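# Sequence and predicted structure, then a few things I'm wondering about:
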Amino acid sequence: MSARTELLLRPGLPSPAAAHAHRAALLVLRDSLRTAHLDAYSDEPWPADVLPSYEHALSLAETAAPPGPRPAKRRDLGMGIDLDPRDDAHFTVLLDLAPHTISAEAHGDEGPLFSASDTGTALWIAVTPAQEALLGERLDALGIPRTVFTPHEGRGGRFWDRLLPWAGR
C-alpha cells in the first residue's frame, strides 16, 4: 500500500474544466474504488448529456428501496444512492453525475478516496504517487493545468479523520 497524497480542486475553475477534472480523478482512482454513494441532486439543472445517468441512478435507487408498504416518512430515493464502481454501468453514473451533484463519495479498502460536493465546485481526492502522475497526464491531455489540484495542507491527520473524529481509524 502506497502512501496517499490528499489533493483539493482549486476554487474558481470554470464548470467544463471542473467536470473534466472530476472525471479524470475518478478514472485514475477506479482500480482502488470499492464503493460509492451519490445524491441525485444538483443546485443547477442537470446537463442534457448526463440525463440518462441521472435516470439510471434513480432507477437504481428505486430497485434498492425496501419492498412493501412504505412508512409515512418515505425515504428520499435521490439521496445516498449506492453504486459499485467496479460495475461499468454504475461507474458511468458516477462519472457523469459526480461533477454536478451536491454530494458524491467513493471509498477504497483504506477508506475515503474521492469526495465531490457543492455542484462541482468542491473536490477532495487521495491518490498514490502513481495515480497522481497519471492524473497529471490526463489533465495535460485535456489541456487543463496540473495546478488545478493543490495538496491539502491541513492541521495534521487525514482530512476525513478531522472531519469525522468519531470514526477513529
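Noted; the coordinates are in hand. Numbers count the residues shown, from 1 in each chain.

# where does the chain dip in pLDDT?
1-2, 65-75, 154-169 (pLDDT under 70).

# Please enumerate the strands of it.
5-9, 33-38, 81-83, 103-108, 111-117, 122-127, 149-151 (DSSP state E).

# Parallel or antiparallel, which strands does the fifth one pair with?
Take DSSP bridges as the rule and strand 111-117 pairs in its sheet with strand 103-108 (antiparallel), strand 122-127 (antiparallel).

# and it with strand 33-38, angle?
Computed by axes from the mean of the first three to the mean of the last three C-alpha atoms, to 10 degrees, the angle separating strand 111-117 from strand 33-38 equals 30 degrees.

# buried sites along strand 111-117?
112-117 (16 or more other C-beta atoms under 10 Å). C-beta coordinates here come from the backbone N, C-alpha and C atoms, glycine included.

# Kindly report the same for the last one.
Of all the residues in strand 149-151, those buried under the rule 16+ other C-beta under 10 Å are residue 149.

# can you start the count at 697 instead of 1 from here on
With 697 as the first residue, the last one maps to strand 845-847.

# Mind giving me the packing neighbours of it?
Other elements packing on strand 845-847 under the criterion 3 or more C-beta pairs under 8 Å, 6 or more residues apart in numbering; DSSP states H and E are strand 701-705.

# For the strand it packs on, which strands pair with it and how are they oriented?
Checking strand 701-705 against DSSP bridges gives partners strand 818-823 (antiparallel), strand 845-847 (antiparallel).
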